[in-house]
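Q: what follows is a predicted structure for the sequence shown.
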Amino acid sequence: MPWLKERRRRKIREQPFPASWTGILVRNVPYYGLLPPEDQEEMKGHIQVFLAEKRFEGLGGIEINDEIRVTIAAQACVLLLHRKTDYYPGLISILVYPHPYFVKATRRLPDGTVMEGDEVRLGESWSRGQVVLSWDDVRRGAADAHDGLNVVFHEFAHQLDSESGKAQGAPVLPRSSMYIAWARVLGHEYEQLVEDLKHHRKNCLRSYGATSPAEFFAVATEAFFEQPNQLLHCHPDLYEQLRLFFQQDPAHRL
């Protein structure tokens, strides 16, 4: 029952946050230090619930410890601040490799040719309840809070996106009245990125965002949290839609 789940979560959030976990946040997640004190406290409560409910599994010889769990959870919980959240309800487990990993992939080229082979991955989000991450890239993405590259933000944006039923760049929005503007703005910005790449024009969003509307939302999320002033300057309408969705204004805060 929802009220029982919320009561259990409230009790978890009320527990003292371990000092060793705070040390991990200070060392590994510079973004934590950019937040005001009230957001830091909210984030800690979210981390406690996240770690109580999600399972971590090590692959490729890595052993899961508190450093890995807290570093990943902290970044995932940045996306939950200020919002009513069910803590990524479709997510069951986080699989962690020590380094970038290879997967068998099939790609269809624009001319119709199908290519198969190994593809290196830093992370991926699966609809069947799992996120996969490279620990090397988790640390690298967390270490620089301003480079616009954060694999945890990226993959957990996909998790938010998939809450609507299918990851296609349209997560569940706070109000039904927001969907028209969201579709108009993000659709236009996605098409603009595709056209800019085609004609070799500059765009402050990463080219990977042109892969699909789902990847566009994930790339835009990285930029929103790590390069908010640049995003606000280059894409003010896109910034505004993300501000309304995430209920945060990092450009103002930073």
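A: Perfect, I can see it now. Residues are numbered from 1 along each chain as shown.
Q: and P37, how far is that from M43?
A: Using C-beta to C-beta, to the nearest Å, P37 is found at 10 Å from M43. Bear in mind the C-beta positions are built from the backbone N, C-alpha and C, glycine included.
Q: between those two, which is the more surrounded one?
A: M43 (23 against 7; other C-beta atoms under 10 Å).
Q: give the contact list for that one.
A: By C-beta atoms under 8 Å, 6 or more residues apart in numbering, the contact set of M43 is 32, 35, 74, 77-78, 81.
Q: and this structure, what are its domains?
A: 1-163, 164-254 (automatic domain parsing).
Q: for the last one, the distance to its chain's centre please.
A: Yep, that's domain 164-254 we're talking about. Here the centre of domain 164-254 is set off from its chain's centre by 13 Å, with C-alpha atoms, centre = their mean, to the nearest Å.
Q: got it, and the first one?
A: Going by C-alpha atoms, centre = their mean, the spacing between the C-alpha centre of domain 1-163 and its chain's C-alpha centre is 7 Å.
Q: about what we covered before: just the buried residues from the contacts of M43, in ChimeraX please.
A: Listed next is the ChimeraX selection for buried residues among these, using 16 or more other C-beta atoms under 10 Å:
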select :32,35,74,77,78,81
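Q: dump the contacts of M43 to a markdown table, plus distance to K54.
A: Formatted as a markdown table, these follow (distance: C-beta to C-beta, whole Å):
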| residue | distance to K54 |
| --- | --- |
| Y32 | 19 |
| L35 | 22 |
| A74 | 13 |
| C77 | 11 |
| V78 | 15 |
| L81 | 17 |
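Q: looking at the contacts of M43, spot the one nearest F217.
A: Proximity of the contacts of M43 to F217 was ranked by C-beta to C-beta; the top entry is V78 with 15.8 Å.
Q: does that closest one touch N150 like I think?
A: No. At 9.1 Å, V78 does not count as touching N150 under the criterion of C-beta atoms under 8 Å.
Q: overlap in contacts, these two.
A: In contact with both V78 and N150: F225, using C-beta under 8 Å, 6+ apart.
Q: what stretches of this structure score poorly on pLDDT?
A: For the chain, applying pLDDT under 70 flags the ranges 104-118, 254.
Q: break down it into its helices, ranges please.
A: For the chain, the helices defined by DSSP state H occupy 2-14, 19-28, 30-34, 37-53, 66-78, 135-143, 151-162, 179-198, 213-226, 228-234, 236-246, 250-253.
Q: okay if I get the ones you listed as TSV plus distance to R206?
A: Converted to TSV, the helices of the chain look like this (distance: least, C-beta to C-beta, whole Å):
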stretch	distance to R206
helix 2-14	34
helix 19-28	23
helix 30-34	18
helix 37-53	25
helix 66-78	18
helix 135-143	13
helix 151-162	10
helix 179-198	9
helix 213-226	5
helix 228-234	11
helix 236-246	13
helix 250-253	17
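Q: relative to I92, which of those helices is closest?
A: helix 37-53 (9.2 Å).
Q: mind listing what's buried along that closest one?
A: The neighbour-count check on helix 37-53 (16+ other C-beta under 10 Å) flags 39-40, 42-51, 53 as buried.
Q: the residue nearest to L149 when sequence neighbours are not counted: what's it in contact with?
A: In space, and not counting its chain neighbours, L149 is closest to G141: 5.7 Å by C-beta to C-beta, 6 or more residues apart in numbering. Residues near G141 by C-beta under 8 Å, 6+ apart: 75, 149-153.
Q: now for these: which two are most distant?
A: Farthest pair in those (C-beta to C-beta) is Q75 and L149. Separation: 12.2 Å.
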